[in-house]
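> how would this look folded up:
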Amino acid sequence: ILDRFCTEIKCIQDAAGNYIINWPSWWLQIFVWLSICSAIVLLVVGTYMLVADLDQEERRGTLNFIRLSPQSATQILIGKILGVPILLYLATILAVPLHTYSGLAAQIPLHHILCFNIAMVASCALFYSGAMLFSLTTSWLGWFKPWLASAAVLTFITTAFCAPSVGNAADLLTFLSPATVLK
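Predicted structure coming up:
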């Protein structure tokens with residue numbers, strides 16, 4: 001099967017007849033796709049989950065019950081940000097070793113990989129805080145609120161991944177995205 005596949009796409013062979021595989025390029029593709037998918041899943045799905053959870057609690061009236069607890073508002077919001085998308089965090093933590101190894105195998109310096117991971121954490125904090133604010137201030141949107149919030153984040157992320165750096169105020173939008181570090 002490999003011989004037929006490689007004859008169709010013109011694979012390069014060495015003198016012994018073995019196929020030459022550019023492993024750093026292959027690992028770079030894995031690293032880039034893991035980075036893009038993790039950014040989209042963490043930011044878009046996490047935003048949807050947070051907004052949907054707050055909307056559901058507002059409709060049921062349990063949000064007022066939580067507000068009456070002896071916890072401060074900051075602790076409640078941090079608890080929501082850390083607790084609602086916990087399965088996303090777990091999946092991301094499980095993918096970090098493959099992400100790091102693929103980056104190192106693609107000959108990307110470790111500090112660049114760590115910069116991307118730090119940018120992802122900062123982006124999650126920024127977008128999740130914005131999602132909480134959006135959810136608490138737009139109660140009139142109803143069931144449409146989680147979809148609107150996640151679509152806005154998806155639009156922002158896709159624009160940031162595709163936008164070239166031109167050196168003006170539009171670069172602020174790409175600065176808020178982990179795509180800047182990935183480029």
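> any idea how far whichever helix in the chain runs longest is from the middle of the chain?
Ordering each helix of the chain by length in residues (DSSP state H) puts helix 110-137 first. Remark: helix 110-137 is offset 8 Å from the chain centroid, using CA atoms, centre = their mean, to the nearest Å.
> sort out which residues of whatever helix or strand comes next after it are buried, please.
Reading on from helix 110-137 to the C-terminus, the next helix or strand found by DSSP states H and E is helix 145-162. Of the residues in helix 145-162, those with enough neighbours to count as buried (16 or more other CB atoms under 10 Å) are 145-146, 149-150, 152-154, 156-157, 160-161. In short, each C-beta sits where N, CA and C put it, glycine included.
> before we move on, what about stretch 83-95?
84-85, 88, 92.
> what does that stretch rub up against?
Outside of stretch 83-95, the residues within contact range by CB atoms under 8 Å, 6 or more residues apart in numbering are 34, 38, 41-42, 45-46, 49-50, 53, 82, 128.
> show me the two of the residues you listed that sit farthest apart.
The most widely separated members of the contacts of stretch 83-95 are 34 and 53, with 26.6 Å between them, by CB to CB.
> any chance of the buried residues of stretch 83-95 in JSON lines, plus pLDDT?
Listed next are the buried residues of stretch 83-95 as JSON lines, based on pLDDT from 0 to 100:
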{"residue": "84", "pLDDT": "89"}
{"residue": "85", "pLDDT": "91"}
{"residue": "88", "pLDDT": "93"}
{"residue": "92", "pLDDT": "93"}
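> in helices, which of the residues you listed appear?
Using DSSP H, the subset of the buried residues of stretch 83-95 located in helices is 88, 92.
> which one of the buried residues of stretch 83-95 sits closest to residue 20?
Using CB to CB, residue 92 is the member of the buried residues of stretch 83-95 that lies nearest residue 20, at 34.1 Å.
> many thanks, have a good one.
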